[in-house]
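Asker: I would like to see how this sequence folds:
(2 chains)
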Amino acid sequence: MQQSTTLEVLQFALLLEYLEADFYERGMGATGLIPTADRAVFGLIAEHEAIHVNVLRSLITGAGATPIAKPEFDYTAGGALAGFNFLPAQYETFKALAMAFEDTGVRAYKGQAARLINDKAALTAALSIHSVEARHAAQVRRMRGKKGWIVGNSREDLPAFTQGIYDGEDLTTQGGVSVPGLPMAAMFGGAAAAMEAFDEPLTLQQVTAIVTPFLA
Amino acid sequence: MSDRPTLVLGDGGILTSLRTRREMFKMMAMGGVAVLLPSMLTGCSDDNMVGPEGPGTGGPLTIDFARGDIAILQFAYALEQLEADFYIRVVNSFGGAGLSQAEQSIMVDLRNHEVLHRELFKAALGSANGFTINPTYPGVNFNSRQSILEAARTFEDLGVAAYNGAAQYISNADTLTLAGKIVSVEARHASAIRDLLMPNTTAFAPNAFDDVFSPGKVGAAAQGFVTEELILANAPATFVQGPNNNG
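Answerer: Coordinates of the predicted model:
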């Protein structure tokens, strides 16, 4: 039972990591897309995502299953970003997609953590990736002039079709407690800070809906 | 009258030296007088006037892992108290630290996030299981941008590794998810702080996998900033290492 749950989670994570790894590999390989000053950052993220792919494949193989094959991706999201093809003038779109993918990754891993509660090895590995995705997300967001953390349920300047990545991030009740209602909360940012201070999980179904437009 | 010991304190900042404070109190108890120059009055408002001399010299504060998830919440509560106190001090030191407006804005956000984490754990634990730590910051200069950012990096990275390592001991699924909600925000903080120290480099994410630290390793690191002696009782015998295998 736990074994099949763990495998489902790992295969799901592998799909996301395939997407990210492929996206950054193409970005780094595209002539004139990423400015020299930013290549250290995106080169590192590309390297990390490739490592995540390899480790997830090993974990799946180690559990006696076959890793899913890498799918073909459509970075226009079914035409929502018509014309996007890693061209030199499309760096802003590239960074916008990076923010979307990283913020999705954080919420996706978070949503699966509790399903791994009885598989400590898989849980620990997943969490050690989860927080790295959060580091990536903050860096990319800040390079775009946004806060490193998600504000309310705002997609910032991303296109409307990405709203599902941010829906529910404006939750202010944690563990059955209203955070803005806590003593001192009003003096320390109130509801707005309460929304920033906690990232929210997404279910497998929610993440699938977000990722599906990027599957060719 | 003239043979009473006299200690002249010309700088309020000197009161942040606990040794000096302690000497002053001892001397006053002996009937001595302290000459208080006006500049030190703000120093006297320090709420930690009397306290242990350094990390681990007071207390003790025992977190008993036999209590299950409560112990994990207490462990997290101690770390969040430390982080919240740190950023409150940072924000209160803005005048002399040389942080840019943008950096100050980040520090205010971090302070707010950490205070709310702290307050949530406080509410969750209630008075029966709660406690207050008294942080101390040996070697941290709150009038130095570099020192503040380096300390912040230490706290945020430690927080990430602590949550990542404590998760395996959580038995309640909702508590595990709550820890996940917090740890990614700590990681976002760590990323931002690291980028302020070394902008646009690979500093924001030092590894493909974040560290996963055992409670014992976290406790030992945190002890350097907590005056109470931290005791982790019945600490779990087994620990599942993360991919970096350094917990």
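
Asker: for the rest of this, base every contact and every neighbour count on C-alpha atoms.
Answerer: Fine.

Asker: what's near enough to touch residue B:179?
Answerer: By Cα atoms under 8 Å, 6 or more residues apart in numbering or on different chains, residue B:179 lies in contact with B:163, B:167.

Asker: one more time with 10 Å, if that's ok
Answerer: By Cα atoms under 10 Å, 6 or more residues apart in numbering or on different chains, the contact list for residue B:179 reads A:110, A:113, A:198, B:72, B:73, B:76, B:163, B:164, B:166, B:167, B:170, B:173.

Asker: ok, those vs residue A:148, which is closest?
Answerer: For these, the residue nearest residue A:148 by Cα to Cα is residue A:198; the value is 12.7 Å.

Asker: backbone dihedrals for the closest one, please?
Answerer: Main-chain dihedrals, residue A:198, degrees, to the nearest 10: phi -130, psi 120.

Asker: how many residues are close by it?
Answerer: Residues contacting residue A:198 under the criterion other Cα atoms under 10 Å in any protein chain shown number 28.

Asker: let me see the ranges of the helices in chain A.
Answerer: With DSSP state H as the criterion, chain A has helices at A:2-29, A:39-62, A:91-113, A:120-143, A:190-196, A:204-211.

Asker: next SSE downstream of the biggest helix by length in chain B?
Answerer: Counting by DSSP H, the longest helix found in chain B is helix B:101-129. Sequence order places helix B:145-166 as the next helix or strand after helix B:101-129, per DSSP states H and E.

Asker: what is the orientation angle of the very next helix or strand once past that following helix with helix B:101-129?
Answerer: Going down the chain from helix B:145-166, the next helix or strand is helix B:173-197, by DSSP H and E. On the basis of axes from the mean of the first three to the mean of the last three Cα atoms, to 10 degrees, helix B:173-197 is oriented at 150 degrees to helix B:101-129.

Asker: mind giving me the packing neighbours of whichever helix or strand comes after helix B:173-197?
Answerer: Counting by DSSP H and E, the next helix or strand C-terminal to helix B:173-197 is helix B:215-223. Contact partners of helix B:215-223 among helices and strands, from 3 or more Cα pairs under 10 Å, 6 or more residues apart in numbering or on different chains; DSSP states H and E: helix B:69-92, helix B:145-166, strand B:228-233.

Asker: show me the one of these that comes nearest residue A:41.
Answerer: Ranking the helices and strands packed on helix B:215-223 by proximity to residue A:41 (Cα to Cα) places helix B:145-166 first, at 18.3 Å.

Asker: starting at the chain centroid, how far to the closest one?
Answerer: 9 Å (Cα atoms, centre = their mean, to the nearest Å).

Asker: give the burial count for residue 172, as a bare number.
Answerer: Using chain A. Using other Cα under 10 Å, residue A:172 has 23 neighbouring residues.

Asker: that's the wrong chain, I wanted chain B
Answerer: Neighbour tally, residue B:172, other Cα under 10 Å: 13.

Asker: also residue A:200?
Answerer: Here the count is done by other Cα under 10 Å, and residue A:200 has 26 residues near it.

Asker: ok, residue A:24 next?
Answerer: So residue A:24, with other Cα under 10 Å, has 22 neighbours.

Asker: and what of residue A:131?
Answerer: Neighbours of residue A:131 under the rule other Cα under 10 Å: 33.

Asker: now it. Nearest residue, chain neighbours left out?
Answerer: In space, and not counting its chain neighbours, residue A:131 is closest to residue B:184: 5.1 Å by Cα to Cα, 6 or more residues apart in numbering or on different chains.

Asker: that neighbour against residue A:106, yeah?
Answerer: Yes: here residue B:184 reaches residue A:106: they are 7.2 Å apart, a contact under Cα atoms under 10 Å.

Asker: where do the contact lists of the two overlap?
Answerer: Residues within reach of residue B:184 and of residue A:106 at once, by Cα under 10 Å, 6+ apart, are A:127, A:130, A:131, A:132, A:133, A:134, A:135, A:137, A:199, A:200.

Asker: quick check: closest non-adjacent residue to the spatially most central residue of chain A.
Answerer: The centroid of chain A falls nearest to residue A:105 when counting by Cα atoms, centre = their mean (1.9 Å). Among residues not flanking residue A:105 along the chain, residue A:133 sits closest, at 6.3 Å (Cα to Cα, 6+ apart).

Asker: contacts only, for the one you found.
Answerer: Residue A:133 makes contact with A:45, A:48-49, A:101-107, A:109, A:127, A:139, B:184, B:187-188, B:205, B:208-210 under the criterion Cα under 10 Å, 6+ apart.

Asker: okay, the angle between the longest helix of chain B and helix B:69-92?
Answerer: Using the same axes, to 10 degrees: helix B:101-129 against helix B:69-92 is 140 degrees.

Asker: got the contact list for the residue nearest to the centre of chain A?
Answerer: Shown in contact with residue A:105 (Cα under 10 Å, 6+ apart): A:13, A:16-17, A:20, A:99, A:111, A:129-134, A:136-137, A:165, A:201-202, A:207.

Asker: got it, and residue B:223?
Answerer: B:54, B:55, B:56, B:57, B:135, B:136, B:217, B:229, B:230, B:231.

Asker: and if we set it to 8 Å?
Answerer: Shown in contact with residue B:223 (Cα under 8 Å, 6+ apart): B:55, B:56, B:229, B:230.

Asker: how about the residue in chain A that sits furthest from its center?
Answerer: residue A:183 (32.8 Å).

Asker: which one is that residue nearest to, not counting chain neighbours?
Answerer: Per Cα to Cα, 6+ apart, closest to residue A:183 is residue B:119, 7.2 Å.

Asker: for that neighbour, what are its contacts?
Answerer: A:182, A:183, A:184, A:185.

Asker: by neighbours, which of those residues wins?
Answerer: When neighbours are counted by other Cα under 10 Å, residue A:185 leads these with 21 neighbours.
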